[in-house]
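Peer 1: My questions are about this predicted structure, shown below with the sequence.
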Amino acid sequence: MNRMILNETAWFGRGSLGALTDEVTRRGYQKALVVTDKILLECGVATRLTSCLAQAGLDFAVFDAVKPNPTISIVQQGVAAFRQSGADYLIALGGGSPQDTCKAIGIIINNPEFADVRSLEGVADTRKPGVPILAIPTTAGTAAEVTINYVITDEERRRKFVCVDPHAIPAVAFIDADMMDSMPAALKAATGVDALTHAIEGYLTKGAWELTDTLHLKAIEVISRSLRASVKGDAAATEDMALGQYIAGMGFSNVGLGLVHGMAHPLGAFYNMPHGVANAILLPYIMRYNATFTGERFRQIALAMGLENALNAPLEQVREQTVQAVFALNRDIGIPAALSNVGMRADDIPALAVAALADVCTGGNPRETSVDEIMALYHQAC
C-alpha cells in the first residue's frame, strides 16, 4: 500500500503570487506572520509580497530572523513571534530555510508539547495539523512548499535532524518564477542540483513505486534540459526549473531519499555548508556507489537526461555515462569540485560518517552501507 500527500492547492506560472490575496480572503484568514530572511527583505523580493498584502488591506507581521540551516533557537524565536503577533496563519517566503522554519513554527503552535523542537525528529506523533501555511518559494530547488519533511539544525549537538509530518505540509503553494529571477547564479546552481538530487534519489530509493517513478523521471528531464540556461539567467529556463523542482518534491516527499542526503546533512551541521552544494558534490560519487544495485534504472535516468545511445548501450556503460553527465553538469554550472573546497576537514570524516549512517534518509538508500563505506565516500569527494 502506498500513500500520496500533496498541497490542497498549488498555483503555477509567472504572476501566480497574485492569487494569494484571493486565497487568504476565501479562507477567512485575518493576519499573517511572514517568515523570511533579512536578505530577501534587503533585496526587495519580500516587498513584492508585503506590498501585495498591504494593497489588499490584509494585516501582517514579519519574522525575518531565519538563517541558512535553521536552528532550534530560530524556530523557538519564530514561535514566540507568532504568539506575539496575533496571527492566525503563516506565509513562508524563501528557500528551504524559511520554509522549514515555518513548518516547525506551525506545528509547535498547534502542538505545544513539541516546543523543545528536538522531539519533532523523525515521524513525530503530532495530533493536530500545523497553523495553515501559504508557501512562496524563491529558489528552484528544495520543493519544501510541497513536502511533508523539514530539517532543523541542533547546534548544541552538531547535527541536523529530519522531521517527517503530514501535518506540516503547506496548504497552498505559489510557484511563481517572478520570485526566483533575482537569485544569484551560484544559488541557482546549488538549488538546481539539489532538485536533481531529489529526483534521482527519489527514483532510486527503496520506497519508489510507479506513480513516483513517473514524477521523478519527468523532473529529471525538465531539470536536465533547463538548469544550465537558468544559471545563465534565461527567464524561460528559470520557470522550467520552478516546475521541475516542484514535480520532484511531489515524488520524494512521499517515498524518501537516500545516502546523498544522509551524508549532506552532517556537512550542514558541522560547517554550515550550503545544502545544495553538499548534495551536488556528493551526488555523482554516490550514484556510482549505488549503480550495480539499481537494475535498469540508470538507463531510464540516462534517457530522461537525454544522453546519447542510452537505449541500446551496455548497462554498465550507461551507468558510468550517467555519472559522468552529472560531473559535467556540476562543472558547467560552477559547483565546487570537492567538499574540502567548501570547508570539510578530513579529520572530521569518522564523526561525519557516524552521523550520516544514523540519518533518516540513509535508510532509503538502495544499497546497504556502513560507517567504513561512508568514510570512503567522503574521502573520494574530499
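Peer 2: Sure, I can see it.
Peer 1: So which bits of the least confident helix or strand in the chain by mean pLDDT are buried?
Peer 2: Ranking every helix and strand in the chain by mean pLDDT, DSSP states H and E puts helix 38-42 at the bottom, with a mean of 91. For helix 38-42, the neighbour count (16 or more other C-beta atoms under 10 Å) marks 40-41 as buried. Heads up, the C-betas are built off the backbone N, CA and C, glycines and all.
Peer 1: same thing with stretch 45-64?
Peer 2: Within stretch 45-64, the residues scored as buried using 16+ other C-beta under 10 Å are 45-46, 48-50, 53, 58, 60, 62-64.
Peer 1: At the geometric centre of the chain, which residue sits there?
Peer 2: In the chain, the C-alpha nearest the mean C-alpha coordinate belongs to T142, at 2.4 Å (C-alpha atoms, centre = their mean).
Peer 1: Doesn't that residue lie inside a helix?
Peer 2: No: T142 is assigned coil when assessed by DSSP: H, G, I helix; E, B strand; the rest coil, not a helix.
Peer 1: rewinding a little: let me know the closest of the buried residues of stretch 45-64 to N111.
Peer 2: Proximity of the buried residues of stretch 45-64 to N111 (C-beta to C-beta) peaks at F63, which lies at 19.1 Å.
Peer 1: Look up the closest residue to that closest one, ignoring the ones flanking it.
Peer 2: Leaving aside its sequence neighbours, F63 sits nearest to A81 (C-beta to C-beta, 6 or more residues apart in numbering; 4.3 Å).
Peer 1: got the contact list for the host helix or strand of that neighbour?
Peer 2: Assigned by DSSP states H and E, A81 belongs to helix 72-85. When contacts are defined by C-beta atoms under 8 Å, 6 or more residues apart in numbering, helix 72-85 is touched by residues 31, 33, 35, 61, 63, 65-67, 90, 101-102, 104-105, 108-109, 115-118, 131, 152-156.
Peer 1: which of those residues are buried?
Peer 2: Neighbour-count burial (16+ other C-beta under 10 Å) applied to the contacts of helix 72-85 gives 33, 35, 63, 65-67, 90, 101-102, 104-105, 108-109, 117, 131, 152-154.
Peer 1: about what we covered before: give me the subset of the buried residues of stretch 45-64 lying in strands.
Peer 2: Counting by DSSP state E, these place 60, 62-63 in strands.
Peer 1: for those residues, which one is nearest A124?
Peer 2: Nearest to A124 out of these is F63 (C-beta to C-beta; 22.3 Å).
Peer 1: What pLDDT is listed against that closest one?
Peer 2: F63 carries a pLDDT value of 98.
Peer 1: Quick check: closest non-adjacent residue to L315.
Peer 2: Nearest non-adjacent residue to L315, counting by C-beta to C-beta, 6+ apart: R299, 6.3 Å away.
Peer 1: what do you get for N254?
Peer 2: Nearest residue to N254, sequence neighbours excluded (C-beta to C-beta, 6+ apart): M4, at 5.2 Å.
Peer 1: The one you found in helix, strand or coil?
Peer 2: Using three-state DSSP, the structure places M4 in coil.
Peer 1: List the contacts of it.
Peer 2: M4 touches 211, 250, 254, counting by C-beta under 8 Å, 6+ apart.
Peer 1: From what I see, the first one and N2 are in contact.
Peer 2: Yes: checked against C-beta atoms under 8 Å, the pair L211 and N2 is within contact range at 7.2 Å.
Peer 1: Who has more neighbours out of those two?
Peer 2: L211 (14 against 11; other C-beta atoms under 10 Å).
Peer 1: For that one, which non-adjacent residue is closest in space?
Peer 2: Nearest residue to L211, sequence neighbours excluded (C-beta to C-beta, 6+ apart): M4, at 6.8 Å.
Peer 1: What pLDDT is listed against that neighbour?
Peer 2: The per-residue pLDDT of M4 was computed as 96.
Peer 1: Please tell me how far it sits from R118.
Peer 2: Per C-beta to C-beta, to the nearest Å, M4 is found 29 Å from R118.
Peer 1: repeat for I286
Peer 2: According to C-beta to C-beta, I286 and R118 sit 28 Å apart.
Peer 1: likewise L303?
Peer 2: Noted for L303: a distance of 43 Å to R118, by C-beta to C-beta.
Peer 1: ditto for G141
Peer 2: G141 is 26 Å from R118, by C-beta to C-beta.
Peer 1: residues of whatever helix or strand T25 lives in that come out buried?
Peer 2: T25 is located in helix 20-27, with elements delineated by DSSP H and E. Buried residues in helix 20-27, counted by 16+ other C-beta under 10 Å: 20, 23-24.
Peer 1: show me what contacts A353?
Peer 2: Applying C-beta under 8 Å, 6+ apart, we find A353 in contact with 371-372, 374-375, 378.
Peer 1: need the contact list for the nearest residue to W209 once chain neighbours are set aside.
Peer 2: Leaving aside its chain neighbours, W209 sits nearest to N2 (5.2 Å; criterion: C-beta to C-beta, 6+ apart). Neighbour list for N2: 209, 211, 254 [criterion: C-beta under 8 Å, 6+ apart].
Peer 1: Return the member of the residues you listed nearest to L196.
Peer 2: Once C-beta to C-beta is applied, the member of the contacts of N2 that ends up nearest L196 is N254, at 18.2 Å.
Peer 1: What segments of the stretch 201-350 of the chain are helices?
Peer 2: 210-231, 235-255, 259-271, 275-290, 297-304, 315-333, 349-358 (DSSP state H, counting those that start in this stretch).
Peer 1: what about the residue nearest to N254, distance to K38?
Peer 2: Distance, M4 to K38, using C-beta to C-beta: 36 Å.
Peer 1: ditto for I133
Peer 2: Relative to K38, I133 is positioned 20 Å away (C-beta to C-beta).
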